[in-house]
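Trainee: below: sequence and its predicted model.
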Amino acid sequence: MYDSGGEPAPGRGDRSPPQGGRGTGSRQRSPRAGDPRRRRPEDPGRPADRPADPEAVAREICLRLLTAQARSRAELAAALTRRGIPPEVADRLLSRFGAVGLIDDRAFAEAFVASGHSTRGLARRALSHELERRGIDPATASEALQRLDERAEEDTARALVGRRLPATEGLDPVLRARRLVGMLARKGYPPGLAYRVVREELAAIGECWDDPDPPPEIETV
């Protein structure tokens, strides 16, 4: 067929898109090899719904906790129980960690006693309670606490009272003394030591105190 100007009319098979652009119905080219959009086939050997290996999960949990800070074996066991790790898997992994030195309750207890006394001013009784809460057995805890002698405990008690004295200035002498004794009691210092240290530190600044009715012992919790 010819149009009115004598040129051949375009046939149905001549509907090619204009050069320099894409036709509206043209397909996009598939991504080339190496293109990040290219979809990789699934690995047939690792089905997506396969459950995670409990021992691998337990290992990751323990390593993450130990990276943050030292932990006792009992603390790690409790964490694994909360995450649903079977007891036999947890026990096997924790024993392996202990064999290679990643878990050492004796070293943990010694470091805990040293740090708790120097940074928080805790006395042996409070430190013993904290070790018990962390699952350290009594024999291991006792051995670690023996490194903290009575002289060091008294020196720390005096330092604690000295730092607290300015905050209690102006209070009634009996109330002031009782607050200082209570502070020491909460940190685990024995009543006899607490009263003696407070009385001597107050006397050093010219304030006499001799409470005829001392308050009951405060529990260290």
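Mentor: Yep, it's here.

Trainee: do you know the pLDDT at residue 21?
Mentor: Looking at residue 21, its pLDDT is 48.

Trainee: with residue 192 instead?
Mentor: Residue 192 carries a pLDDT value of 92.

Trainee: elements contacting whichever strand or helix holds it?
Mentor: When elements are defined using DSSP states H and E, residue 192 is found to belong to helix 191-204. Counting contacts by 3 or more C-beta pairs under 8 Å, 6 or more residues apart in numbering; DSSP states H and E, the secondary-structure elements packed against helix 191-204 are helix 150-164, helix 173-186. Just so you know, the C-beta spots here come from the backbone N, C-alpha and C atoms, and that holds for glycine as well.

Trainee: list the buried residues for it?
Mentor: Within helix 191-204, the residues that qualify as buried by neighbour count (16 or more other C-beta atoms under 10 Å) are 193, 194, 195, 197, 198, 199, 201, 202.

Trainee: contacts for it, please.
Mentor: The list of residues contacting helix 191-204 from outside it, by C-beta atoms under 8 Å, 6 or more residues apart in numbering, reads 153-154, 157-158, 161-162, 165, 173, 176-177, 180-181, 184-185, 189, 208-211, 214, 217.

Trainee: how about stretch 109-119?
Mentor: Contacts made with stretch 109-119 from outside it, assessed by C-beta under 8 Å, 6+ apart, are listed as 70, 72, 122-123, 126-127, 130-131, 134, 136, 140-141, 143-145, 147-148, 152-153, 156.
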